[in-house]
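**Q** just coords:
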């Protein structure tokens with residue numbers, strides 16, 4: 001009766017709590033993953049996913065999402081989709097198509113419309129204020145607009161030994177129209193095989209795609225590495241390679257579980273958080289640190305959790 005769910009960032013906590021209810025009742029990993037990701041997409045205070053996500057340089061919210069069934073290896077994905085609620089559900093629907101399972105832009109929107117998915121303006125007043133404030137900071141202070149790109153990535157294992165993975169993001173703030181990162185790309189932002197395990201990534205997609213990080217972790221688990229060993233190895237080797245070849249590595253963080261429900265996490269940044277829940281662990285937030293290529297983590301304190309939500313829900317004023 002083993003089950004498990006893991007996800008990137010504290011923002012997945014409420015979704016994981018909901019997903020675990022499904023798994024506890026012998027529900028499927030596919031249903032649990034979709035419902036958990038939808039909860040993150042629907043929460044307007046998370047400015048990097050779904051409703052309330054920050055727009056591109058033209059002021060448009062373009063969303064990317066992907067879904068993978070670990071039993072059949074079926075994949076569905078959308079990129080650059082606008083004005084549709086819950087892109088994870090559109091991606092799941094696409095995963096059931098034999099062909100045309102990865103759609104972008106106007107094609108993804110047409111598919112969503114024809115299949116009855118709910119239209120919604122995903123740009124909120126709060127996101128507009130964030131956008132204008134951040135725009136002013138980049139002009140006045142010379143800061144990079146490409147900071148803050150927290151994808152929700154998730155992997156689930158159900159009591160029938162089936163696995164699934166899902167991702168959803170609004171991508172880089174002030175990205176070019178049509179820019180697509182790793183989140184919708186199989187093997188980079190996500191990968192799952194029910195006979196081995198699954199992984200999901202978050203960070204700078206342009207760098208994560210250079211290492212196909214999620215597939216690499218699953219491949220390492222197949223070779224016999226524990227999830228933690230596989231995660232650390234994949235992240236540290238890609239980080240070192242990028243520094244060697246390009247003098248710099250962007251943010252790279254990953255989460256994974258194997259078919260036994262064992263989990264691993266790795267990051268090359270300070271402060272990465274994740275959520276884990278199993279039949280033995282209640283949904284719990286952990287905060288990570290990296291030391292010499294190895295990731296350690298500790299349970300988030302009440303103060304940390306309170307500050308996290310306070311920061312994200314506090315009133316905004318136009319600067």
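**A** Nice, I can see it. Here the structure is a predicted model, which is why all the values come from computation and not from measurement.
**Q** Flag the shaky bits of this protein, pLDDT-wise.
**A** 139-149 (pLDDT under 70).
**Q** just the strands in this protein please.
**A** Ranges of strands in the chain, per DSSP state E, are 4-8, 63-69, 74-81, 102-104, 152-157, 163-169, 190-193, 197-203, 252-258, 263-267, 273-278, 284-291, 294-299.
**Q** from memory residue 283 sits against residue 17, does it?
**A** Yes - in this structure residue 283 lies within contact range of residue 17 using C-beta atoms under 8 Å: 4.9 Å. For every residue, glycine as well, the C-beta is placed using N, CA and C.
**Q** show me where the protein has helices.
**A** Counting by DSSP state H, the chain has helices at residues 13-24, 29-42, 87-94, 105-114, 125-140, 205-211, 213-222, 227-246, 302-313.
**Q** hmm, back to that, rebuild the strands of the chain as CSV, extending it with distance to residue 230.
**A** Below are those laid out as CSV (distance: least, C-beta to C-beta, whole Å):
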stretch, distance to residue 230
strand 4-8, 13
strand 63-69, 18
strand 74-81, 21
strand 102-104, 26
strand 152-157, 13
strand 163-169, 15
strand 190-193, 12
strand 197-203, 8
strand 252-258, 7
strand 263-267, 6
strand 273-278, 15
strand 284-291, 16
strand 294-299, 12
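**Q** Which among those is found nearest to residue 227?
**A** Closest of the strands of the chain to residue 227 is strand 263-267, at 3.1 Å (criterion: C-beta to C-beta).
**Q** what's the closest one packed up against?
**A** The elements that strand 263-267 packs onto, with contact taken as 3 or more C-beta pairs under 8 Å, 6 or more residues apart in numbering; DSSP states H and E, are strand 4-8, helix 227-246, strand 252-258, strand 273-278, strand 284-291, strand 294-299.
**Q** do that again at 7 Å, thanks
**A** Identification of packing neighbours for strand 263-267 by 3 or more C-beta pairs under 7 Å, 6 or more residues apart in numbering; DSSP states H and E yields helix 227-246, strand 252-258, strand 284-291, strand 294-299.
**Q** Would you list the strands that the third one pairs with, along with their directions?
**A** Its sheet considered, strand 284-291 pairs with strand 273-278 (antiparallel), strand 294-299 (antiparallel) by DSSP bridges.
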